[in-house]
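Q: Sequence plus predicted model, see below.
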Amino acid sequence: MSFFEAVAACLSKYATFSGRASRAEFWWFMLFVLLAILIINAVASPFGGPQTGAGLVVLFMLAMVVPSFAVGARRLHDMGHSGWWQLLHISGLGTAILLVWMIFEGTPGANRFGQPVVPLLQE
């Protein structure tokens, strides 16, 4: 899955918390959010000052809260975990644990959340 495919998939599934998401879909979308924040801040700050840049970044982040949690839940589903594990973000240690989990490969084949997004390679 390419960068643009992942961003399009996440935005088209804006509030879809069911199903599964591949590692590529999750990480490409997180990169998109990070780059967008940096670009918004870099473009807006010189024209309106740091408050304008920060304000636009906050608006963008508010718009991305739902799709970020949705792709996070689908990514956890890919590994066979409930999306409710994202409540670990409440503590800093929980965020670190979730980031490590997001690195691991999903369960091969179907699990209780459906078929894998990336088809298994046929030997």
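A: Arrived safely, thanks for sending. Numbers count the residues shown, from 1 in each chain.

Q: Could you list the low-pLDDT ranges of the protein?
A: Applying pLDDT under 70 to the chain flags the ranges 118-123.

Q: top helix in it by residue count?
A: helix 50-78 (DSSP state H).

Q: Give me the helices and strands touching it, please.
A: Helices and strands touching helix 50-78, by 3 or more CB pairs under 8 Å, 6 or more residues apart in numbering; DSSP states H and E, are helix 3-12, helix 23-48, helix 92-103. Any C-beta I mention is one placed from the backbone N, CA and C, and that applies to glycine too.

Q: That helix to helix 92-103, inter-axis angle?
A: 60 degrees (axes from the mean of the first three to the mean of the last three CA atoms, to 10 degrees).

Q: Quick check: buried residues in helix 50-78?
A: For helix 50-78, the buried set under the neighbour-count rule, 16 or more other CB atoms under 10 Å, comprises 53, 56-57, 64, 67-68, 70-78.

Q: of the helices and strands packed on helix 50-78, which approaches residue 117 most closely?
A: helix 23-48 (6.9 Å; CB to CB).

Q: How far away from the center of its chain is that closest one?
A: 13 Å (CA atoms, centre = their mean, to the nearest Å).

Q: can you check stretch 17-26 too?
A: 8 Å.

Q: again, but for stretch 78-92
A: Counting by CA atoms, centre = their mean, stretch 78-92 comes out at 12 Å from the chain centroid.

Q: which residues touch that stretch?
A: 17, 20-23, 69, 72-74, 76-77, 94-95, 97-98, 101, 104-107, 111-113, 116-117 (CB atoms under 8 Å, 6 or more residues apart in numbering).

Q: Let's see that with 7 Å instead.
A: Stretch 78-92 is contacted by residues 17, 20-22, 69, 72-73, 76-77, 94-95, 97-98, 101, 104, 106-107, 111, 116 when judged by CB atoms under 7 Å, 6 or more residues apart in numbering.

Q: give me every residue that touches the closest residue to residue 52 other than its chain neighbours.
A: Leaving aside its sequence neighbours, residue 52 sits nearest to residue 44 (CB to CB, 6 or more residues apart in numbering; 5.1 Å). Taking CB under 7 Å, 6+ apart as the contact definition, residue 44 lies against 52-53, 56.

Q: Appreciated, that's everything.
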